[in-house]
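Engineer: Predicted model, plus sequence, below.
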Amino acid sequence: MKNLTYIDLFSGAGGLSVGFGREGFQLLMANDIDNQALDTLRYNLPHIHPETDTSHIIHGDITELYKHLGGKKVKEKFLGHKTVITDKSLQIKKRAPNSSHPEVESFLNSLSSCDVVAGGPPCQGFSMIGRSKRGSLEDRTQGFIDDPRNTLFSYYLKFVEKLNPKIVLIENVKGLKSASGYQDLIKISLEKTGNKYNVESVIFNAKDFGVPQNRERIFFIGIRSDFAKAITPQKVINNIKRSIKNNKKIFLKDAISDLPIIRANPKPNNYDESKEISFLSEICFGMNVSDLLYDKLIDKSECKEYRNLINTIDNKQISIKHLSNHKARYNNKRDLFIYKNLKAGKYLTDPSNKKALSKVTYGKKRSDGTIEITSFSDKYFKLDADNFSKTIIAHLETDGNSYVHPTQTRSISPREAARIQSFPDWYFFTGSLRNQFKQIGNAVPPLLAAAIAKEFKSILMKV
């Protein structure tokens, strides 16, 4: 059997890597500028890629790492607009280590080829969420064109040029499709890279891949033109669509109803593990690592099919000793009142949410004392157990008001968010509660990644 290899750029906590690991690919290298996310990937590496050295999970700025690959200087394309380096971007770059470490240089210099280059260049600048908060359409357009985070795909393509992979995968937010020519720029740039690639893009929704979440993302698939002339990117896309056609729809209750009941954290800033309460207690607000064994906490009569599916990698079921990252955040009394009185799946503006709306502190107060909401109608939202979850996003690190548990008066835990993303229960997220949410929200759902990897594997094994 061929040894199929890939690298994961902008890897984050490893959603793509879990998916490719499920299909038996070997990870040569992963890179991200967020070291906390990479700590999570390193921690879980023995399960998803036991053959990969943790030193090959490289923390650093891709623009610096690229220097050690050699090749031509990157020419960044801004569609005629000037870029603006934000304070946040500068701080992130400052925190990244110097990539001139001899071992890093030596390893990067040794990389010469791989079967697949996969990754998702940062998408915040394209995000429909970020754009919706700006003024005019012209202002919003200027905003994401001038965002330097949107140029990093140029460096991604330079890795492609150097490593000459047979297949290239780029993932980004759906909003990129309407982002002032950037979809065409990425497609044309990849088509002209290295030995040239045949490229198509497609919007996949995670809910079609057995993921309990309505999450649309755009994927660019490039097939090297001299690799398999009979295999077109569109044929690959069609095969992926055909392979998932009969997938069972997994709703929220099918994914999280087996997890133990916990209450909202009763105090703010109460996240130190020494302050946790045993799962044996009725007032338990969860634990980062459970004191009771996993098999004692999970309701085995619920979610069996989904639980078995996500906890398998490379056709092997991974045993789990303890439940991790199932811990609730603090919510104040007003929010808890709103949570309790929200109707699942209904926006605040729905008449059924009149009682919950009475405690909302934003909006316009009418003469009769009621509140009129003209924007942010989903600022508070209770998930519907009998439907798909709304998209899990990195904003969860800030608050969970729009991700209220369907049957418990609290916002969802990181483990529940991970389940909704299709991460395995044995996948431990390092860092603070806030950072765990950020890592999970930024990730590609592993089951979606696995479906793509499976089709790539089929192609690579035949040719």
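Structural biologist: In hand now; what should we look at? Residues are numbered from 1 along each chain as shown.
Engineer: Tell me where the stretch 1-150 of the chain has strands.
Structural biologist: Taking DSSP state E, counting those that start in this stretch, the strands of the stretch 1-150 of the chain run over residues 5-9, 26-32, 57-59, 116-119.
Engineer: For residue 340, find the nearest of those strands.
Structural biologist: Distances from residue 340 to each of the strands of the stretch 1-150 of the chain were compared using C-beta to C-beta; the shortest belongs to strand 26-32, at 38.8 Å. The C-beta positions use only the backbone N, C-alpha and C, and glycine is treated the same way.
Engineer: picking that back up, winner for burial among the strands of the stretch 1-150 of the chain?
Structural biologist: Sort the strands of the stretch 1-150 of the chain by mean neighbour count, taking mean count of other C-beta atoms under 10 Å, and strand 116-119 sits at the top with a mean of 27.
Engineer: Identify all contacting residues around that one.
Structural biologist: If you take C-beta atoms under 8 Å, 6 or more residues apart in numbering as the criterion, strand 116-119 is touched by 4-11, 16, 20, 25, 156, 159-160, 163, 165-171, 456, 460.
Engineer: I'd like to know which of the strands of the stretch 1-150 of the chain is closest to residue 403.
Structural biologist: Closest of these to residue 403 is strand 26-32, at 24.4 Å (criterion: C-beta to C-beta).
Engineer: Now do the closest one against strand 5-9, angle only.
Structural biologist: Taking axes from the mean of the first three to the mean of the last three C-alpha atoms, to 10 degrees, one finds that strand 26-32 is oriented at 10 degrees with respect to strand 5-9.
Engineer: Give the rounded mean pLDDT of strand 26-32.
Structural biologist: Strand 26-32 shows a mean pLDDT of 96.
Engineer: on that earlier part again, Throw the strands of the stretch 1-150 of the chain into CSV and include distance to residue 291, thanks.
Structural biologist: Converted to CSV, the strands of the stretch 1-150 of the chain look like this (distance: least, C-beta to C-beta, whole Å):
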stretch, distance to residue 291
strand 5-9, 34
strand 26-32, 32
strand 57-59, 30
strand 116-119, 38
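Engineer: Can you pull the poorly scored residue ranges out of the stretch 301-450 of the chain?
Structural biologist: Regions of the stretch 301-450 of the chain meeting the criterion pLDDT under 70 cover residues 362-377.
Engineer: That one: helices as residue ranges?
Structural biologist: 304-310, 333-341, 354-357, 414-421, 433-442, 446-462 (DSSP state H, counting those that start in this stretch).
Engineer: Check these for me and report the most buried one.
Structural biologist: Comparing these by mean neighbour count (mean count of other C-beta under 10 Å), helix 414-421 ranks first with a mean of 28.
Engineer: Show me what that one is packed against.
Structural biologist: Judged by 3 or more C-beta pairs under 8 Å, 6 or more residues apart in numbering; DSSP states H and E, the packing partners of helix 414-421 are helix 252-256, strand 322-327, helix 433-442.
Engineer: how about the ones you listed, which one is nearest residue 184?
Structural biologist: Between residue 184 and the helices and strands packed on helix 414-421, the tightest spacing by C-beta to C-beta is seen for helix 433-442, at 25.2 Å.
Engineer: Could I get the CA-only coordinates of the closest one as CSV?
Structural biologist: Taking Å, rounded to 0.1, in the frame of the first residue of the first chain, the C-alpha atoms of helix 433-442 are listed here in CSV:
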residue,chain,number,x,y,z
LEU,A,433,-12.0,27.7,28.4
ARG,A,434,-12.1,30.7,26.1
ASN,A,435,-9.3,29.5,24.0
GLN,A,436,-10.8,26.0,23.7
PHE,A,437,-13.9,27.6,22.2
LYS,A,438,-11.8,29.6,19.8
GLN,A,439,-9.8,26.5,18.6
ILE,A,440,-13.0,24.5,18.1
GLY,A,441,-14.8,27.3,16.2
ASN,A,442,-11.9,27.9,13.8
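Engineer: how big is the angle separating it from strand 26-32?
Structural biologist: Using the same axes, to 10 degrees, helix 433-442 lies at 120 degrees relative to strand 26-32.
Engineer: centre of the chain versus helix 433-442, how much separation?
Structural biologist: Taking C-alpha atoms, centre = their mean, to the nearest Å, one finds helix 433-442 lying 9 Å from the centre of the chain it belongs to.
Engineer: Pull the residues that contact that helix.
Structural biologist: Helix 433-442 is contacted by residues 12-13, 34, 36-37, 40, 271, 325, 327, 329, 392-398, 400, 414, 417-418, 421, 423, 429-431 when judged by C-beta under 8 Å, 6+ apart.
Engineer: Now which of those would you call buried?
Structural biologist: Among the contacts of helix 433-442, those scoring as buried are 12-13, 34, 36-37, 40, 271, 325, 327, 329, 392-397, 400, 414, 417-418, 421, 423, 429-431 (criterion: 16 or more other C-beta atoms under 10 Å).
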